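Colleague: Any chance you could fold what I've pasted below:
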Amino acid sequence: MSANPMTEVKFVPLVYVLSNAGVDLDIADFHDVTALQLSIRYGLLEVMTSLLKCGAEVRGHEEKLAERHCQLFVAEFVSVLRKLSPGYWHLVQQNKTFAVNVLVKSWCRINVSRQGQSLIEFARQTPDVDPKLLKHLVDNEASIEVAHAVMAGDGQRVQFLLCNQAVDLHTSDLSHKENFFQPFHPLTLYGAALKYGHKHLLPLLRKDAIYRPSKADDTMKASSDDRQRHQSHDSGFSTSAVCVVL
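Modeller: Residues are numbered from 1 along each chain as shown. Below is the predicted model:
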């Protein structure tokens, strides 16, 4: 079975699986065609969007490809391309805080590297970088990792991140649309699990809260009383009680 505009949603999780596994999504075939360009040629808007959110680079002629192959939906493809590119690396170098925040609010992955250097390390070493820009990246890295794990359907990774990172379960993808020509409709973690058919993740995402990793060496062994005692209802943070759900 191959992807088409009617079935592509079933293939989107695979993009996140490959990204989480460290696969280079910018690799080109013998004709120098990338996965991003193929997604445009075949009119796969959701696949194209997921590739961009995983860090796939726009080479410069993708809009022309969309004009040639996407016919009635060209405006949707061009809109997404312009919204999600250029990526973090260029924007950090240009110190464009607002544009970086747009990518963050669109669940574009922050935990990416180039030549052994992470994006956050690159930002910290960039001269005169806006502290707000760096804060956007640091504060949202773990939450977006959870979002990508949810869309990949990786329950083990979701559970690990919730147990070991400060994660905001209120996070949502503000760039999400239900369909062509529809208004923006923010996608929550819970909604993403439903959309991509990962119902096994729903118990992890039901609690509307922000989780902070426990300071205990072994969170899994923390008693229920300890978790309740350390929970702060005023701040919205709690220890990772979700760790024992699975």
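Colleague: What ranges does the chain have for its strands?
Modeller: 113-114, 117-118, 167-168, 172-173, 187-188, 210-211, 237-238 (DSSP state E).
Colleague: Residue 110 contacts residue 137, correct?
Modeller: Yes. With contacts counted by Cβ atoms under 8 Å, residue 110 reaches residue 137, the gap being 5.3 Å. For the C-beta atoms, the positions are set from N, CA and C on the backbone; glycine is no exception.
Colleague: between those two, what contacts are shared?
Modeller: Residues touching both residue 110 and residue 137 (Cβ atoms under 8 Å, 6 or more residues apart in numbering): 88, 104, 119, 120.
Colleague: Please identify which two of those residues are farthest apart in space.
Modeller: Largest separation among those by Cβ to Cβ: 104 and 120, giving 12.3 Å.
Colleague: what does the domain assignment say about this protein?
Modeller: 1-85, 86-210 (the TED database).
Colleague: thinking again about what came up before, rebuild the shared contacts of residue 110 and residue 137 as TSV, extending it with distance to residue 57, pLDDT and neighbour count.
Modeller: Shown next, in TSV, are the shared contacts of residue 110 and residue 137 (distance: Cβ to Cβ, whole Å; pLDDT from 0 to 100; neighbours: other Cβ atoms under 10 Å):
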residue	distance to residue 57	pLDDT	neighbour count
88	11	98	23
104	18	98	21
119	13	98	20
120	19	98	18
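Colleague: most centrally placed residue in the protein?
Modeller: In the chain, the residue lying closest to the centroid (Cα atoms, centre = their mean) is residue 107, at 3.7 Å.
Colleague: now this protein, which segments are flagged as low pLDDT?
Modeller: 1, 206-246 (pLDDT under 70).
Colleague: Could you rerun that using 90?
Modeller: 1-6, 60, 71-72, 164-166, 169, 178-184, 205-246 (pLDDT under 90).
Colleague: Kindly list the longest helix within it.
Modeller: helix 131-152 (DSSP state H).
Colleague: who's in contact with residue 202?
Modeller: With contact set as Cβ under 8 Å, 6+ apart, residue 202 has these partners: 190, 193, 194.
Colleague: what do you get for residue 19?
Modeller: Per Cβ under 8 Å, 6+ apart, neighbours of residue 19: 25, 54, 55, 109, 148, 152.
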